[in-house]
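**Q** here is my input; please provide its structure:
(one chain, ligands or ions: 1)
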Amino acid sequence: MKKSVDDLALFGGPMAFEKTLVVGKPSTGDRAKFYERLELALDSGRLTSGGPLVKEFEARIADHAGTRHCVATCNGTIALEVMARAAGLTGEVIMPSMTYVATAHAMRYLGLTPVFCDLDPTTGCIDPEQVENLITDRTSALVGVHLWGQPAAIQELEKIAEVHSLTLFFDAAHGIGCSFGPKPLGGFGQAEMFSFHAAKVVTTFEGGAIVTDDDEFAQRARYTHNFGWGEEHVTEFAGTNAKMSEASAAMGLTSLDALPATIAANRAHYELYAGALDGLPGLEMHRYDEEHRNSYQYNVVKVDEAECGLSRDAILGLLRADNVLAQRYFSPCVHECEPYRTERPVSLPATDAFSRRVLTLPTGPSVTSEQAAEVAALVAFAVEHAPEIRRRLATR
Ligand code: T4K
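**A** Purely as a prediction, here's the structure:
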């Protein structure tokens, strides 16, 4: 426990944590079960191309999402690319900027133009009221992002897509374990995509999935993710190779088994952070609307520099020096990143104000409640000593 500002590692004190505490330590579940699944794959010699573990994982994810179809992929970014290709998108695609660069890069990589829309400051998701102003005769699709697992404005976006005959996709990279009211994320729009990157609530090392209720689209996405091969082993069109391997599916099934425990740990850490930080000057935990289920994989504290006396980045710097690898999900946001900032500069005031404040704190089953309490104490200590810390930072 720090007693004076000199005890902060940034100013020469000992590090609070010997081992780095990260935001996204993978939730890998029961290792013996994982090895058992891996042995099955190795013994059978079936390592990829729609083997039994991938089929089982697809069935479990479709069941989780409440959709008829799931196509597992080797990562979430390529899942988005496959969706865009399978839907034949052209021209411009409207999306929020408060997301990971992958949402835009996937479209840009296919020669499409991401058009960024400002956000709703309550959730940080796309503001549907501003979407229509951005629709042109080149627009072919809307991509809503369920930021931190909160449902984007699903019904409003569905209405706009219908009126303007646009394809509607959702980037549900953060969506496993989350819902829109009682209905799990995954079954909205024409299709949704999940990510199973190592830092996600369920991991396949690297991986993703497309989920949909649209039979025709599902078949096209399945062909697209496998070079364009159709049922008769004749390519129907030029596809790509986006297939998930059996080893990834073995990890995914095991990580999925652990999901309830992961969410319970995340929720406990969230409550702990909120209890310790809410009410301190200029700090506020981002609240998840209890009407929807959330995985609490993103424990985000919002920092108002004017009230707090320290910027978000100053707090981040203090934490990192003490071996807490907090993250800025997502800052800079995408319209501030290349190539977008140069190619198509836009003004998104609500996005800028929102993203400037966010700081994501460590969570997951590998973080103990003592460690979460110590992280919270570090942040609280920094805020309580803001004037002195600011003075010292200014003279460095
Ligand atoms: N759409 C959205 C909204 C997304 O958030 C993402 C990915 C995508 C699309 C694309 O899906 P994928 O193609 O990735 O499936 C990370 C991830 O690389 C990225 O998957 C994720 N979003 C984004 C939110 O976070 P970084 O640059 O922070 O990654 P990295 O690898 O440094 O990981 C973050 C932390 O997790 C590290 O501090 C340490 C910890 N970690 C990471 C890895 C890789 C581990 O403990 N073990 C690990 O193996 O982007």
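
**Q** show me where pLDDT drops low in the chain?
**A** Low-confidence segments of the chain, defined by pLDDT under 70, are absent.

**Q** how about the residues of it by the ligand?
**A** 22-26, 75-77, 99-100, 102-103, 145, 171, 173, 195, 197-199, 208, 325, 327, 329 (CB under 6 Å from any ligand atom). The C-beta positions use only the backbone N, C-alpha and C, and glycine is treated the same way.

**Q** now with 8 Å, please.
**A** 20, 22-26, 75-80, 99-100, 102-103, 106, 145, 147, 171, 173-174, 193, 195-200, 205-208, 325, 327, 329-330 (CB under 8 Å from any ligand atom).

**Q** report the separation between the residue of the stretch 51-200 of the chain found nearest the ligand and His385.
**A** When CB to the nearest ligand atom is the measure, the stretch 51-200 of the chain has its nearest residue to the ligand at Gly76, with 2.8 Å between them. Separation of Gly76 from His385 (CB to CB, to the nearest Å): 40 Å.

**Q** who has more neighbours, those two?
**A** When neighbours are counted by other CB atoms under 10 Å, Gly76 and His385 differ, and Gly76 comes out ahead with 27 against 18.

**Q** how close does the more buried one get to Ala173?
**A** 5 Å.

**Q** overlap in contacts of these two?
**A** Common neighbours of Gly76 and Ala173 are listed as Ala102, Met193, Phe194, Ser195, His197, Gly208 (criterion: CB atoms under 8 Å, 6 or more residues apart in numbering).

**Q** could you pull up phi and psi at the fifth one?
**A** This means His197. In this entry, His197 is assigned phi and psi values of phi -60, psi 160 (degrees, to the nearest 10).

**Q** and for it, the neighbour number?
**A** By other CB under 10 Å, the residues close to His197 number 20.

**Q** so it sits against His174, correct?
**A** No: using CB atoms under 8 Å as the test, His197 is too far from His174 to be in contact (10.4 Å).

**Q** list the contacts for Gly252?
**A** The neighbours of Gly252, taking CB under 8 Å, 6+ apart as the test, are Phe57, Ile61, Ala72, Phe196, Val202, Thr203, Thr204, Gly207, Met244.

**Q** can you pull out the strands in the protein?
**A** In the chain, the strands defined using DSSP state E lie at 21-22, 69-73, 92-96, 113-117, 139-145, 167-171, 179-180, 183-184, 191-195, 208-212, 283-285, 299-303, 324-325, 358-361.

**Q** now distance to Arg341 too, for those strands, in JSON lines please.
**A** Rendered in JSON lines, the data for the strands of the chain read as follows (distance: least, CB to CB, whole Å):
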{"stretch": "strand 21-22", "distance to Arg341": "28"}
{"stretch": "strand 69-73", "distance to Arg341": "29"}
{"stretch": "strand 92-96", "distance to Arg341": "15"}
{"stretch": "strand 113-117", "distance to Arg341": "10"}
{"stretch": "strand 139-145", "distance to Arg341": "19"}
{"stretch": "strand 167-171", "distance to Arg341": "20"}
{"stretch": "strand 179-180", "distance to Arg341": "32"}
{"stretch": "strand 183-184", "distance to Arg341": "35"}
{"stretch": "strand 191-195", "distance to Arg341": "24"}
{"stretch": "strand 208-212", "distance to Arg341": "26"}
{"stretch": "strand 283-285", "distance to Arg341": "28"}
{"stretch": "strand 299-303", "distance to Arg341": "24"}
{"stretch": "strand 324-325", "distance to Arg341": "26"}
{"stretch": "strand 358-361", "distance to Arg341": "19"}
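
**Q** could those strands be laid out in a markdown table, adding mean neighbour count?
**A** As requested, the strands of the chain are exported to a markdown table (neighbours: other CB atoms under 10 Å):
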| stretch | mean neighbour count |
| --- | --- |
| strand 21-22 | 21 |
| strand 69-73 | 28 |
| strand 92-96 | 26 |
| strand 113-117 | 23 |
| strand 139-145 | 25 |
| strand 167-171 | 25 |
| strand 179-180 | 19 |
| strand 183-184 | 19 |
| strand 191-195 | 29 |
| strand 208-212 | 30 |
| strand 283-285 | 20 |
| strand 299-303 | 23 |
| strand 324-325 | 20 |
| strand 358-361 | 23 |
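
**Q** on that earlier part again, which of the residues of the chain next to the ligand fall in helices?
**A** Gly76, Thr77, Ile78, Ala79, Leu80, Ala102, Thr103, Ala106 (DSSP state H).

**Q** among those residues, which one has the most neighbours?
**A** Sorting those by how many neighbours each has (other CB under 10 Å) puts Ala79 first, at 33 neighbours.

**Q** surely that residue is in contact with Ala191?
**A** No: the pair formed by Ala79 and Ala191 falls short of the contact definition of CB under 8 Å, at 9.1 Å.

**Q** tell me, what's touching these two both at once?
**A** Ile210.

**Q** returning to that earlier point: out of the ones in helices among the residues of the chain next to the ligand, what pair is the most spread apart?
**A** Using CB to CB, the two most remote members of these are Ile78 and Thr103, lying 12.8 Å apart.

**Q** measure Val211 to Asp352 for me?
**A** When distances are taken as CB to CB, Val211 and Asp352 turn out to be 32 Å apart.
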